[in-house]
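>>> coords please:
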Amino acid sequence: MIGESAKTQETSNFRNTVGSLKRLIGRTLEDSDIEIEKKFLSAELCKVGNTVGVSVDYLGEKTEFSATQLYAMYLGKLRDTAAAETKAAVNDVVIAVPVWYTEAQRRAVIDAADIAGLNPLRLINDTTATALGYGITKTDLPAVEEKPRYIAFVDIGHSDYSVSIVAFNKGQLVVKATAFDRHFGGRDLDYALVQHFADEFKTKYKIDVRSNPKALFRLSAAVEKLKKILSANAVAPLSVESIMNDVDASSALKREEFEALIAPVLERTLAPLEEALKLAGIEKEDIDAVELIGGTTRVPALKSRISDYFGRPLSFTCNQEEAIARGATLACAMLSPVFKVRDFTTTDTQLFPIKFVWDKAEGDEETELVAFAQGNAIPSTKVLSFSRNGPFELEARYAEPAGLPGSINPWIGKFTVKNITPKEGGKQLVKVKAKLDLSGVLTFGEATLVEDAPEEPEAEVPMETEPAPAAAEGEIAAEPAAPAKKAKKTIKTALPTVAGGSALDGSLVSDYREKEASMAASDKLVLDTEDRKNALEEYVYDIRDKLEGQWKKYVNGADADALRAKASESEDWLYTEEGEDATKSAYVERLDGLKQLGEPINLRFREHEERPKATAALREVITGFQEKAQSGDDKYSHIEEAKLQEVIEACANAEAWLGNKLYSQQEKALDVKPVITSAEIRKKAEEVSNVCIPIMTKPKPKAPKVEVPPPAAEEAKAEDAPMEEAKAEELD
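Numbers count the residues shown, from 1 in each chain. Next comes the predicted model:
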């Protein structure tokens, strides 16, 4: 389960409930941010390979899953939900990620999508997705050559806070700068409230909520409701029934007290705003609008601080919960050949500078280069040139490790260029292409050896030329043309390369994909089994009600007693240990056994209700065709008499068949098998229509056209006209 249903189950199954997936993926257990996450998680964290994972009970056994596997499970559940809603398979996706994700985290998300059987067309930053959804529908954006419209997008969600300054022009957006605070969100406000009430209840009720995980969950749920109430009210009550030790805890909090408790968090509100404007190189007065998204932006203290900083009212035109998903959906549609979307270019910005490092070779002045600086446009491609006489390696690293989130390893990847053979007369030029793609992921492209081509003398080809005209008096003779300069030619040879990075090994991804498919199949079997169990239980209760109600006239005493007995037996079995944990086939077998007795009764009841409607419909068809065939109307006068008689006979036969069947049905009791069914009556109506419609809709033949010859005088005049014209031409 995910979302609200999983949150509801967390209290009773907190050791096997995992949250904060986007904050765990792509990290190691030793990461400093993981220590912070532990206070928000109840599941046991562990090391899985080189990444963080969780240890949970799965099918009664202790099992470890990596954060990437858990993220894949999450994506798989979203895939199934989307497929059920759209009634179509879901394959291609665009996934929104926090702006502060590094290479390792982005590649881990791509691996998770692969494990879930999805094709990630790209990753998109949360605020960039919001900006896309905001701008693509705007028709009043300034022209490309005009000053852009600057919009500040402020996203404060459950766990993080990010700001992007975006410049909009017609048909495009450019992210000028992004800033963030990874540990500023709704959960931090909830945590402050939990600590406050835990201290209060310790004094007031002599209970230690922190020592009881279930009590802590109940209190967390209660303070979240209290926080929402305080967003619209000055005072909010708090009540937690049987929080622990049979104690019903209650309290209340004023908005001013709440703001005092979260003051340390509120003091950090302006830092990301100031940082974003500084990186964008603009003043806050240049901002045309401030768009807020994320549930935590509803807190009045936050809204007032942001509004006061910019000195303008805030805008809430974007859906606070769905803006990011909407933007990602549009990005996906733009990359799909199936949908036609308005042309709109999106240019993002690189948050963490990336440098390339290599071993010093003879003649090298430097051994590293910052190729993608902070603020570098995304997507972007750079070509690096090296003078080498042999194979060499190139490493990509983050240039400023201190600025990375948590304890992320600054190493990004390694690129090895092979098959460079020594050459006399100097080193050879090798060009390496590196690219930051739409997802903000670094990829190494091709490596090319560039050599000068040997010069070949050009053979002179004689040309036939006309002698130059003599210069007129007073004119200067033209000088002979100078010989054309020879263009320098080069030979480009693709070199074999090997690239390595932080992505999972292909064999491990395949292994995870197989495990995920197996678990998904197991989950489906569990769900199907539960569905059949519920269907059996529902049918038992349904039978009991109907035998005393709408089925009563349609079943004899012996059959009713037999069905009741079988239903009671199934009900008793359901509540035994065997029935609680039975297989899907066992539930299906018992349900089919009940339906074998119950469905004939249901058929008799249903036919008694439906037969009069089907009879009326058939008689309407018969009457309609009979009236048309016997009407003598002029629009049917072209139809042969034998065909009209065929229609009349088909209607008469159907009427006779219906009369005989209905008479036989009247002789039968309601609790025996019907002589005629509504399906048979509808089929007879179809047969009559198939015979009569082609005959009665036969089109009338078109009347032949009669050509009237022109009068003789007009013919003669027409023959003389050309002669008169000819004479006129001769006179001219």
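>>> check the chain and tell me which residue is nearest its centre.
Nearest to the mean C-alpha position of the chain, by Cα atoms, centre = their mean, lies V93 at 5.1 Å.
>>> who's that one bridged to?
P120 (DSSP bridges).
>>> ok, now how distant is it from L121?
According to Cβ to Cβ, to the nearest Å, V93 stands 7 Å off from L121. Where C-beta positions appear, they are placed from N, C-alpha and C, glycine not excepted.
>>> and if you look at T137?
21 Å.
>>> now swap in K661 and tell me
61 Å.
>>> now do the longest helix along the chain: distance to the chain's middle.
As assigned by DSSP state H, the longest helix anywhere in the chain is helix 584-630. Centroid displacement of helix 584-630 relative to its chain, using Cα atoms, centre = their mean, to the nearest Å, is 43 Å.
>>> tell me which helix or strand comes right after that helix.
Per DSSP states H and E, the first helix or strand lying C-terminal to helix 584-630 is helix 641-667.
>>> the next helix or strand after that following helix to helix 584-630, inter-axis angle?
For helix 641-667, the following helix or strand on the C-terminal side (DSSP H and E) is helix 678-696. Per axes from the mean of the first three to the mean of the last three Cα atoms, to 10 degrees, the angle that helix 678-696 makes with helix 584-630 is 40 degrees.
>>> just give me how far helix 678-696 sits from the chain centre.
That offset, for helix 678-696, works out to 48 Å (Cα atoms, centre = their mean).
>>> one step back: in terms of secondary structure, what does the longest helix of the chain contact?
helix 506-547, helix 557-574, helix 641-667, helix 678-696 (3 or more Cβ pairs under 8 Å, 6 or more residues apart in numbering; DSSP states H and E).
>>> remind me what the longest one packs against, helices and strands.
Meaning helix 506-547. Counting by 3+ Cβ pairs under 8 Å, 6+ apart, helix 506-547 packs on helix 67-86, helix 103-115, helix 557-574, helix 584-630.
>>> please work out which of the ones you listed is packed deepest.
Each of the helices and strands packed on helix 506-547 was scored by mean neighbour count; the highest is helix 103-115, a mean of 24, by mean count of other Cβ atoms under 10 Å.
>>> now do that helix: everything it contacts.
Residues from elsewhere that reach helix 103-115, judged by Cβ atoms under 8 Å, 6 or more residues apart in numbering: 25-27, 51, 67-69, 71-72, 74-75, 93, 95, 97, 101, 119-120, 123, 398, 408-409, 412-413, 439-442, 501-504, 509, 512-513, 516.
>>> and for V93 and L121, which residues touch both?
Common neighbours of V93 and L121 (Cβ under 8 Å, 6+ apart) are C332.
>>> which residue ranges of the stretch 301-450 of the chain form helices?
Assigned by DSSP state H, counting those that start in this stretch, the helices in the stretch 301-450 of the chain fall at 323-335.
>>> can you pull the poorly scored residue ranges out of it?
The stretch 301-450 of the chain contains residues with pLDDT under 70 at 425.
>>> again, but for the chain
1, 425, 453-488, 703-732.
>>> domains of it?
By the assignment in automatic domain parsing, the chain contains the domains 1-90, 186-266, 350-454+490-504, 528-701.
>>> wait, which of those is closest to G327?
domain 350-454+490-504 (13.7 Å; Cβ to Cβ).
>>> how far away from the center of its chain is that closest one?
34 Å.
>>> do stretch 581-589 as well
For stretch 581-589, the distance to the chain centre is 35 Å (Cα atoms, centre = their mean).
>>> same question for stretch 314-333.
Here stretch 314-333 is found 12 Å from its chain centre; the criterion is Cα atoms, centre = their mean.
>>> so which residues make contact with it?
By Cβ under 8 Å, 6+ apart, the list of residues contacting stretch 314-333 reads 92-96, 121-122, 124, 126, 128-134, 136, 155, 289-295, 297-298, 303, 306-307, 339, 341, 346.
>>> which among those residues end up buried?
93-96, 121-122, 124, 126, 128-134, 136, 155, 289-295, 297-298, 303, 306, 346 (16 or more other Cβ atoms under 10 Å).
>>> sitting in strands, which of these do you find?
The strands, defined by DSSP state E, take in 93-96, 121-122, 124, 155, 289-293, 346 from the buried ones among the contacts of stretch 314-333.
>>> for those residues, which one is nearest Q645?
Using Cβ to Cβ, V93 comes nearest to Q645 of those, at 65.6 Å.
>>> and the gap between the closest one and I2?
From V93 to I2 the distance is 16 Å (Cβ to Cβ).
>>> now swap in V647 and tell me
63 Å.
>>> so these two - more neighbours on which side?
Set V647 next to I2 and count neighbours by other Cβ atoms under 10 Å: V647 wins out with 22 against 13.
>>> wait, that one touches E627, no?
No. In this structure, V647 is not within contact of E627 by Cβ atoms under 8 Å, at 10.6 Å.
>>> just to revisit the earlier point, ok, of the contacts of helix 103-115, which come out buried?
The neighbour count (16+ other Cβ under 10 Å) marks 25-27, 51, 67-69, 71-72, 74-75, 93, 95, 97, 101, 120, 123, 398, 408-409, 412-413, 439-442, 501-504, 509, 512-513, 516 as buried among the contacts of helix 103-115.
>>> give the contact list for A494.
Taking Cβ under 8 Å, 6+ apart as the criterion, A494 is in contact with 446-449.
>>> among the residues you listed, who's most crowded?
Greatest neighbour count in the contacts of A494, by other Cβ under 10 Å, goes to A447: 24 neighbours.
>>> list the beta-bridge partners for it.
V432, L495.
>>> which residues touch it?
Per Cβ under 8 Å, 6+ apart, neighbours of A447: 415, 417, 430-433, 494-495, 497.
>>> what do you get for E610?
Shown in contact with E610 (Cβ under 8 Å, 6+ apart): S678.
>>> how close does it sit to Y663?
In terms of Cβ to Cβ, E610 sits 19 Å off from Y663.
>>> please, where are all the strands along the stretch 301-450 of the chain?
345-349, 354-358, 368-372, 377-378, 380-388, 392-398, 411-417, 428-436, 442-452 (DSSP state E, counting those that start in this stretch).
>>> K489: which of these is closest?
strand 442-452 (7.5 Å).
>>> hang on, the earlier thing: go through the strands of the stretch 301-450 of the chain and name the closest to C46.
Nearest to C46, of all those, is strand 411-417, at 23.5 Å by Cβ to Cβ.
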